[in-house]
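[1] I'll drop the sequence and a predicted model, then ask my questions.
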Amino acid sequence: MSTIVLIHGLWVTPRSWEHWIPYYEAQGHTVVAPAYPGFEVEVEALRADPTPIATATVPQTLTHLEKIITALPEPPILIGHSFGGTLTQLLMDRGYGAAGVVIDSAPPEGIRVTPPSQIRSLFPILNNPAKRHQAAGFTPAQFHYAFTNTLPEDEALAAYERYAIPAPGSWVWAYGLIANFTPGRQETWVDFRNERRAPLLFIAGGADHIMPPSVNKSNAHHYQAAGTVTDYHEFPGRSHWTCAEPGWEQVADYALNWASQHLR
């Protein structure tokens with residue numbers, strides 16, 4: 001049995017793992033799904049007071065996650081979704097994790113693939129520089145396009161109402177499309193030639209609008225360190241909501257089976 005750390009992405013909280021946690025625990029695994037600092041309250045509380053979202057930083061979040069991981073009895077399997085995938089890559093570059101899986105991962109610095117659907121998905125946040133200093137959210141229609149595009153409208157709205165929160169606008173502005181045009185190393189820089197990194201799997205969804213397969217494939221191909229294991233798998237027809245849309249169990253099984261077979 002393994003210890004598993006599930007790291008959520010932007011615009012959601014650990015509630016987004018509410019199906020995966022009992023699913024893995026029923027198999028005998030120990031599962032931890034930490035929130036970002038200040039995100040420990042429920043979705044409804046963050047909507048009412050998004051101050052912790054607007055003031056969150058990547059370095060603080062990484063330090064928070066590092067403390068949780070180092071307190072575990074063994075190096076865990078790290079599984080991150082969306083920006084949780086970026087955080088997973090940053091943690092693995094720092095030596096954490098026995099194996100890692102990133103699902104529909106947001107890219108670290110240096111990935112220059114920007115498909116039109118990604119620009120359209122992020123435009124509601126990037127269309128106003130003032131949002132750089134705010135907690136910036138999607139409308140139900142924008143969430144439907146960016147996250148839940150494979151779901152019918154009523155199911156997409158139900159997902160929005162249960163899970164959606166704003167995201168730190170500063171993260172979208174600093175680490176998204178603009179990071180590659182900022183001089184110097186950013187806080188999402190990883191060493192793609194790190195020979196000490198644990199095995200890493202990229203999972204992409206063929207219908208993902210906000211983090212399309214081309215982004216994840218490019219990210220995976222950047223890892224070229226000798227002696228390391230990097231793999232890529234694509235689930236056709238699945239959206240960015242792949243961890244909760246029908247058939248999520250197949251994604252959960254593939255992620256854990258691969259990680260278990262490649263534990264360092």
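    All right, it came through fine.

[2] quick one: the strands in the stretch 1-150 of the chain?
    Taking DSSP state E, counting those that start in this stretch as the test, the strands found in the stretch 1-150 of the chain are 3-7, 30-32, 77-81, 99-103, 135-136.

[3] can you list contacts of the first one?
    Identification of contacts with strand 3-7 by CB atoms under 8 Å, 6 or more residues apart in numbering yields 14, 17, 20-21, 24, 29-34, 65, 68-69, 72-81, 84-85, 87-88, 97, 256. From N, CA and C alone the C-beta is placed, and that goes for glycine too.

[4] Can you list the strands that that strand pairs with?
    Applying DSSP bridges to the sheet, strand 3-7 is found paired with strand 30-32 (parallel), strand 77-81 (parallel).

[5] which one of those strands has the most crowded surroundings?
    Between the strands paired with strand 3-7, strand 77-81 has the highest mean count of neighbours, a mean of 29, where neighbours are mean count of other CB atoms under 10 Å.

[6] average pLDDT for that one?
    When pLDDT is averaged over strand 77-81, the result is 98.

[7] re earlier: which one of the strands of the stretch 1-150 of the chain lies closest to residue 217?
    Residue 217 lies closest to strand 99-103 among the strands of the stretch 1-150 of the chain, at 12.2 Å (CB to CB).

[8] what angle do the closest one and strand 77-81 make?
    Put simply, strand 99-103 runs at 10 degrees to strand 77-81, going by axes from the mean of the first three to the mean of the last three CA atoms, to 10 degrees.

[9] Going by neighbour count, which residues in strand 99-103 are buried?
    By 16 or more other CB atoms under 10 Å, the buried positions in strand 99-103 come out as 99, 100, 101, 102, 103.

[10] hmm, which two among these are most spread apart?
    99 and 103 (13.8 Å).

[11] Throw the strands paired with strand 3-7 into TSV and include distance to residue 199, thanks.
    Formatted as TSV, these follow (distance: least, CB to CB, whole Å):
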stretch	distance to residue 199
strand 30-32	20
strand 77-81	10
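
[12] So which residues make contact with the helix or strand hosting residue 158?
    For residue 158, the element it lies in under DSSP states H and E is helix 153-163. Helix 153-163 is contacted by residues 12-13, 15-16, 43, 138, 140, 143-144, 147-149, 151, 241, 244 when judged by CB under 8 Å, 6+ apart.

[13] likewise stretch 12-28?
    Under CB under 8 Å, 6+ apart, the answer for stretch 12-28 is 1, 4, 6, 8-9, 31, 33-35, 39, 42-43, 46, 81, 162-165, 243-244, 248-249, 252, 256.

[14] hmm, try it at 6 Å
    With CB atoms under 6 Å, 6 or more residues apart in numbering as the test, stretch 12-28 has contacts from 1, 4, 6, 8, 31, 33, 35, 39, 43, 163, 252.

[15] As TSV, the residues you listed with distance to residue 51 and pLDDT would be great.
    Below are those laid out as TSV (distance: CB to CB, whole Å; pLDDT from 0 to 100):
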residue	distance to residue 51	pLDDT
1	39	92
4	30	98
6	25	98
8	19	98
31	29	98
33	22	98
35	15	98
39	11	97
43	15	98
163	20	98
252	33	98
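
[16] Filter those down to just the buried residues.
    4, 6, 8, 31, 33, 35, 39, 43, 163, 252.

[17] List the buried residues in stretch 159-172.
    Buried residues in stretch 159-172 (16+ other CB under 10 Å): 159, 160, 163, 164, 165, 166, 167, 168, 169, 170, 171, 172.
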